[in-house]
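> predicted model and sequence follow; I will ask about them next.
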Amino acid sequence: MPDWLPGRATVNPWTEDTYEMLYRIFCRDIRDHNLHYIGNDVWIFLDTEDGKESIFWHLTTREDKQKTIPRRKRKFYPEGQTYTEPERLPDLRRCERLPWVKPLIEHPSEPEVLTWDYEEGDRTIKTYIWIKDHDFVVIMKRYPNGKRRLITSFYVDKSFKRKDFERKYANRIK
């Protein structure tokens, strides 16, 4: 384990206080910290769901595509229409690695880290920060002014995802 990378958060056993402990880490490292990636500001949307920033849920939960729940009311949905979305459940591997998000963003040049920009099919440019030997990735959207918006992070537990990241790295913007 690199010495600049902190230990993992303890999330097993899961208790009723686990989300609050993770939320304190999120606030300390991400929401209330002025994150910078290679000299550029990194920011988050501050919209909330269930009393916490939506990005917090993306950093700690995973979609269960087998289960759907009524979609939360959003101002841009036409009146009277109903929507469902996959239920999001705690992802212990994401949760325990939440303390890694800040150091990965702030240490992209470390030898253990692969970092690159990639133009997606919809023409947006995303920045990937992948500590490949530890199967963890942080993904941000890059803006023309160099700023980044944190989108998500997760533990890479599927071989097809590893191959997808390897393909994106091979086809990165140079």
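Arrived safely.
> any idea which helix is longest in this protein?
Using DSSP state H, we find that the single longest helix of the chain is helix 159-170.
> average pLDDT for that one?
Taken as a whole, helix 159-170 has a mean pLDDT of 96.
> CA atoms only: put that helix into CSV for me.
Output of helix 159-170 as CSV, limited to C-alpha atoms (Å, rounded to 0.1, in the frame of the first residue of the first chain):
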residue,chain,number,x,y,z
SER,A,159,-13.0,-8.0,-15.4
PHE,A,160,-15.0,-6.4,-18.2
LYS,A,161,-14.7,-3.0,-16.4
ARG,A,162,-10.9,-3.5,-16.0
LYS,A,163,-10.7,-4.2,-19.8
ASP,A,164,-12.9,-1.1,-20.5
PHE,A,165,-10.6,1.1,-18.4
GLU,A,166,-7.5,-0.4,-20.2
ARG,A,167,-9.2,0.3,-23.6
LYS,A,168,-10.0,3.9,-22.5
TYR,A,169,-6.4,4.4,-21.2
ALA,A,170,-5.0,3.1,-24.6
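> show me what it is packed up against.
In terms of contacts (3 or more C-beta pairs under 8 Å, 6 or more residues apart in numbering; DSSP states H and E), helix 159-170 is packed against strand 114-119, strand 125-131. All C-beta spots, glycine's among them, are computed from the backbone N, C-alpha and C.
> paired strands for the longest one, with orientation please.
Pointing back at strand 125-131 there. Using DSSP bridges, strand 125-131 pairs in its sheet with strand 114-119 (antiparallel), strand 136-142 (antiparallel).
> nearest to Val11, of the ones you listed?
The closest of these to Val11 is strand 136-142. By C-beta to C-beta, the value is 14.6 Å.
> quick one: contacts of the closest one?
By C-beta atoms under 8 Å, 6 or more residues apart in numbering, the residues outside strand 136-142 that reach it are 37, 42, 97, 100-101, 104-105, 117, 124-131, 148-156, 165.
> and it, what's its mean pLDDT?
The average pLDDT within strand 136-142 is 98.
> any idea which of the strands paired with strand 125-131 is most buried?
strand 136-142 (a mean of 21; mean count of other C-beta atoms under 10 Å).
> quick one, that strand and helix 159-170 angle?
With axes from the mean of the first three to the mean of the last three C-alpha atoms, to 10 degrees applied, the angle from strand 136-142 to helix 159-170 works out at 50 degrees.
> after strand 136-142, which helix or strand is next?
Sequence order places strand 148-155 as the next helix or strand after strand 136-142, per DSSP states H and E.
> so what strands line up beside that following strand?
Sheet pairing for strand 148-155, using DSSP bridges, gives strand 40-43 (parallel), strand 136-142 (antiparallel).
> got the buried residues for it?
Of the residues in strand 148-155, 148-151, 153-155 count as buried by neighbour count, 16 or more other C-beta atoms under 10 Å.
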